[in-house]
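*Asks:* for reference, the sequence and a predicted model appear below.
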Amino acid sequence: MILCIETSTAVLSVALARDGAVVCERVCTEPRSQAALTAPLVKEVLSDAGITAGACDAVCVSAGPGSYTGLRVGVSTAKGLAFGAGIPLLSMGTLDILVEGVEETPAFIVPMIDARRMEVYTAVYSAGGDRLTEVEARVIGPDAFAEYLEQGEVLFVGDGALKCQEVITHPNARFREAFPLARHMARRAQEDFDAGKFQDVAYFEPFYLKDFIATVSKKSLW
């Protein structure tokens, strides 16, 4: 039994999986709900299954990239559960989770997590889900991913995909908005559990990709 927690984007989700298959889940689309609702959703999922965290064999959390605050909440929750229940910690890259949710079979899959303006967190994957390039923060221009588009159909998927639709106009480009969900972590989490690919609970940190930059509000406080 593996508890999966996904908090990296606008959609919050928690799922419980047995042997790689989802038993129950919760999905919340309320904006900026990670801090307030991650723990309650975990409690609901465990209650649905009639178990406690200690009955789980591991907890798996989305590792990023994505929302700085969302990743901090998710990883803190997962580490707390792992430490408190004495169970192993697993992690899965957010782009990998997006690719796991793709049912189409294009030549290439390019998951895109919205950053800001025309920037996305992205990488290129094969049709079979193998990552072919490094994860990067990339500003999208008209010639982005041209070498892959010339080879066949490319599916751009994620919450950053649609904003690139007017920029990438190649006929082989396809676009679909989607969010990484905890249910799509189940298969890989089971594989990593079987392989013993556990994280160090004390030292594991999210993959932010870029440093967090605090800004000063322009609104007057007085």
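*Replies:* It's in. Please read all numbers here as calculations on a predicted model, not as lab measurements.
*Asks:* phi and psi next, for the residue nearest the centre of the chain.
*Replies:* Centroid check for the chain by Cα atoms, centre = their mean gives Thr94 as the closest residue, at 2.8 Å. Phi and psi for Thr94, reported as degrees, to the nearest 10, are phi -60, psi -40.
*Asks:* Three-state assignment for the closest residue to it other than its chain neighbours, please.
*Replies:* Residue nearest to Thr94 in three dimensions, not counting chain neighbours: Ser8, with 4.4 Å by Cβ to Cβ, 6 or more residues apart in numbering. Bear in mind the C-beta positions are built from the backbone N, C-alpha and C, glycine included. Ser8 falls in the coil class when you classify it by DSSP: H, G, I helix; E, B strand; the rest coil.
*Asks:* measure how buried Ser8 is and give me the count.
*Replies:* Counted with other Cβ atoms under 10 Å, residues neighbouring Ser8 total 33.
*Asks:* mind checking the longest helix of this protein?
*Replies:* Criterion DSSP state H: the longest helix present in the chain is helix 68-85.
*Asks:* that one - what's its average pLDDT?
*Replies:* Here helix 68-85 scores 97 as its mean pLDDT.
*Asks:* from the chain's centroid, how far away is that helix?
*Replies:* When distances are taken as Cα atoms, centre = their mean, to the nearest Å, helix 68-85 is centred 14 Å away from the chain's centroid.
*Asks:* what's that helix packed up against?
*Replies:* Contacts defined by 3 or more Cβ pairs under 8 Å, 6 or more residues apart in numbering; DSSP states H and E place helix 68-85 against strand 2-6, helix 34-49, strand 58-62, strand 89-92.
*Asks:* give me the residues contacting it.
*Replies:* By Cβ atoms under 8 Å, 6 or more residues apart in numbering, the residues outside helix 68-85 that reach it are 3, 5-9, 12, 32, 34-35, 38-39, 42, 52-54, 56, 58-65, 87-89, 201, 204-208, 212.
*Asks:* which of these are buried, as a ChimeraX select command?
*Replies:* This is the ChimeraX syntax for the buried subset of the contacts of helix 68-85, where burial follows 16 or more other Cβ atoms under 10 Å:
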select :3,5,6,7,8,9,12,34,38,39,42,53,56,58,59,60,61,62,63,64,65,87,88,89,201,204,206,207,208
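*Asks:* list the buried ones in stretch 7-20?
*Replies:* Buried positions in stretch 7-20, judged by neighbour count with 16+ other Cβ under 10 Å: 7-17.
*Asks:* picking that back up, wait, isn't the residue nearest to the centre of the chain in contact with Ser67?
*Replies:* No. The criterion here is Cβ atoms under 8 Å, and Thr94 misses it with Ser67 at 9.6 Å.
*Asks:* what is in contact with these two at once?
*Replies:* Overlap of the contact sets of Thr94 and Ser67 (by Cβ under 8 Å, 6+ apart) consists of 8-9.
*Asks:* picking up where we left off before, for Gly196, see how far away the residue nearest to the centre of the chain is.
*Replies:* Using Cβ to Cβ, to the nearest Å, Thr94 is found at 22 Å from Gly196.
*Asks:* can you check Lys163 too?
*Replies:* Separation of Lys163 from Gly196 (Cβ to Cβ) stands at 40 Å.
*Asks:* so these two - more neighbours on which side?
*Replies:* Between Lys163 and Gly196, counting by other Cβ under 10 Å, Lys163 is the more crowded of the two (17 against 7).
*Asks:* you'd agree that one is up against Ile113?
*Replies:* No. Contact between Lys163 and Ile113 fails when scored by Cβ under 8 Å: they sit 11.5 Å apart.
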